[in-house]
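J.: Fold the following and give me the result.
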Amino acid sequence: MEKFIGKWQTQPKLTENFDAFADKMGVEPARREIYKNMDAVYTFSMDGKTLVGGMETKGFKQDVRFELGVPVSYKSFDGANMTSCITMKDGRFFETNKMEREGTTREWTTERYIEGGFMVGVQTKDGVSMKIKLKKL
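T.: Numbering: from 1, shown residues only. Now for the predicted structure:
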């Protein structure tokens, strides 16, 4: 878990397969450019046995407290209702995610691991994956 602790900056230019994943997720055109070029800092820290995941982007800052294996509900940066559950196996985070907005529900998984100075996130929906990279600050 310790290798995830710290601040991580999104690297939109290193994202792979964004458009195919966004198509599979049914991302609306108005939100697509926001997601594709998002400049955000994610922070992971520990408070006892509780994992604290933070996100900060223009005009938004939030911390969400997780216990491994326990689903947690929260609002996303763009107002969607989210439920996520994080587990850890072999030094990797595995997440199940459910987003509800305007009567539409989307579900996907994310696997996060450390590779060099990057946290890599592989998000998958119905066999289509997108790879994102965040650089350690």
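
J.: from here on, contacts and neighbour counts on C-alpha atoms
T.: Noted.

J.: mind checking pLDDT for the residue of the chain positioned farthest from its centre?
T.: In the chain, the greatest distance from the average C-alpha position (CA atoms, centre = their mean) is reached by Gly48, at 22.2 Å. In the predicted model, Gly48 carries a pLDDT score of 92.

J.: and what of the one 5 residues further on?
T.: According to the prediction, Gly53 has pLDDT 95.

J.: Then Ala30?
T.: Ala30 is assigned 85 on the pLDDT scale.

J.: that's a strand at it, yeah?
T.: No. Ala30 is assigned helix when assessed by DSSP: H, G, I helix; E, B strand; the rest coil, not a strand.

J.: For it, grab the count of nearby residues.
T.: Number of residues near Ala30 (other CA atoms under 10 Å) recorded here: 8.

J.: ok, it - contacts?
T.: By CA atoms under 8 Å, 6 or more residues apart in numbering, the contact list for Ala30 is empty.
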